[in-house]
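Peer 1: here is my input; please provide its structure:
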Amino acid sequence: MYMDFKNTFFIVVGFLFFQSAISQEGLPIYTDYLTDNYYLIHPSMAGVANCAKVRLTARQQWFGHEDAPKLLTMSLNGRFGESQSAYGAIVYSDKNGYHSQTGAYVTYAHHIMFSRSEVDLNMLSFGISAGFIQYKLDETTFPFDGSDPIIDGIVQSETNFNVDLGFSYHYLDYYAHATVKNLLKNSGVNNDIEITSNLRRYLFSVGGVFGKLGSDWSYEPSIMFQYKDGTQEASIDLNGKVYKDMDFGSIWAGVSYRNSFDGAQYLDGSGVSSQKLRQITPLLGVNYNQFMFAYTYTYQMNSLVFTNGGFHQLTLGYNFNCRKEKYDCKCPAVN
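Peer 2: A predicted model of the protein is given here:
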C-alpha cells in the first residue's frame, strides 16, 4: 500500500504538473521573480537597480506530505562601483521526491545607456550566467531485485555545467526581457532519455508601470512567456501589481495567473480526459527602508490535483550600497 501511494504520488506530479514538478531542469521557474527578483530568471537584470540586492526565498509545496517539492534560493547582484558592469551569483537547492538538485551560478552583466540625461531612462542590458548543477536520484528505497537494468538501488549523481544568456531593455516606464536558459546539452542522471539532455528554455517578459503624476499609487501589468525546447511545452503568466508609496518605502500586492498551452491526459474511470496546468498566485510585499519581505501563495485550479494544499513561498531581501535615484520614471526595478 505504501509503495502504491508513493508511485501514484510521483506519477500525478510528474505527469500533470510539469511546471512545478519536473526535476533536472535547473532552477525552476515559479512566480518569485515578481517579488523584486527578476534576476533569478533574467541574468541581464544583474546590477540594473540603483542598489545592490540580496534575496532569499523558501518555497514549500503540499505541507504535511512526505517528499513534497521544496526550493531554497539565495541571490546577490550589484554594480562594480560606478561602472556600467555588474555581477551576480545564485545558489539553490531543489528537492522533489526521489530527485534533488543543487546549483550555483555566477553572472556578468553590462548596461549600455542611451539616455540624453540621467532623467530619461533608456538602457539596454546584456547578461551571461555560468554555473554547475549537481543532480541526484535516490534509488535506495526502490524495489530492487536486479531484474531491471535501469534501477541500480543506489544514489545516482551527476554534475553538469550550463550557461544562460539574456538581454533587457528599459525605456522610461516600460521594459522587455529575453533569456535562453540551459543553453548547453545536459546529461543529468537519466542520460538514456533523450528529453533530459535538452533542457533549453526560452523566456520573454514585457511590462510597464503606470500612475498619475504626483500620485502615491502605481500599477504594473506584465506578461511572461516560456517555452521548453526539449518537450515543446509552453505557458504564459499574466501578472498585475499595484504599489503604494509610503514614508518608510512602499507596500505592494498583486496576482499572477499561469496557463499552459499543453494538456496532459489521464484516466477518469469512464475514459481518457485531459487538462492543462492552471495556477493563480496572489502576492503581498513591503519595502521597509532597505529591507524587503514578500509572501506568495500558489493555488492549483485544475480539477485533478494531488492535494488541495497550495504552494507557500517567502522572500526576504536587503538592499545595500544604494545610490541616489537617477531617473524620473515609475520603474521600481531600476530606481
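
Peer 1: which residues in this protein form helices?
Peer 2: Taking DSSP state H as the criterion, the chain carries its helices at 2-16, 18-21.

Peer 1: show me the shaky parts of the stretch 201-335 of the chain.
Peer 2: Applying pLDDT under 70 to the stretch 201-335 of the chain flags residues 263-274, 302-309.

Peer 1: how much space is there between the residue lying closest to Phe311 once chain neighbours are set aside and Pro69?
Peer 2: Of all residues not flanking Phe311 in the chain, Thr298 sits nearest, at 4.0 Å (C-beta to C-beta, 6 or more residues apart in numbering). C-beta here means a position set from N, CA and C on the backbone, and glycine is covered the same way. According to C-beta to C-beta, to the nearest Å, Thr298 stands 11 Å off from Pro69.

Peer 1: any idea how far the nearest residue to Gly207 once chain neighbours are set aside is from Thr31?
Peer 2: Nearest non-adjacent residue to Gly207, counting by C-beta to C-beta, 6+ apart: Ser222, 2.8 Å away. Ser222 sits at a distance of 11 Å from Thr31 (criterion: C-beta to C-beta).

Peer 1: so Val163 makes contact with Leu183?
Peer 2: Yes. If you go by C-beta atoms under 8 Å, Val163 and Leu183 touch, sitting 4.7 Å apart.

Peer 1: list the contacts of Glu325.
Peer 2: Residues in contact with Glu325, defined by C-beta atoms under 8 Å, 6 or more residues apart in numbering, are 50, 335.

Peer 1: and what of Thr281?
Peer 2: 31, 255-258, 296-299.

Peer 1: His111 too?
Peer 2: Residues in contact with His111 (C-beta under 8 Å, 6+ apart) are 47-48, 84-86, 123-125.

Peer 1: if Thr296 is in a bridge, with which residues?
Peer 2: When assigned by DSSP bridges, Thr296 has beta-bridge partners Leu283, Gln313.

Peer 1: skipping adjacent residues, who's closest to Thr107 in space?
Peer 2: Distance criterion C-beta to C-beta, 6+ apart; nearest residue to Thr107, sequence neighbours excluded, is Gly88 at 3.4 Å.

Peer 1: and that neighbour, how close does it get to Lys185?
Peer 2: Going from Gly88 to Lys185 by C-beta to C-beta gives 24 Å.

Peer 1: quick one, which of these two is more surrounded?
Peer 2: Higher neighbour count among Gly88 and Lys185: Gly88, with 24 against 12, using other C-beta atoms under 10 Å.

Peer 1: hmm, Ala109 and that one touching each other?
Peer 2: Yes. At 6.7 Å, Gly88 counts as touching Ala109 under the criterion of C-beta under 8 Å.

Peer 1: quick check: neighbours shared by those two?
Peer 2: 43, 46-47, 77, 127.

Peer 1: which strand runs longest in the chain?
Peer 2: Looking across the chain with DSSP state E, the single longest strand is strand 249-267.

Peer 1: can you list contacts of that strand?
Peer 2: Strand 249-267 is contacted from outside by 15-16, 18-19, 31, 34, 220, 232-244, 272-289, 304, 332, using C-beta under 8 Å, 6+ apart.

Peer 1: look up the pLDDT of Gln19 for me, please.
Peer 2: In this model, Gln19 is scored at 40, pLDDT.

Peer 1: I'm done for today, thanks for sticking with me.
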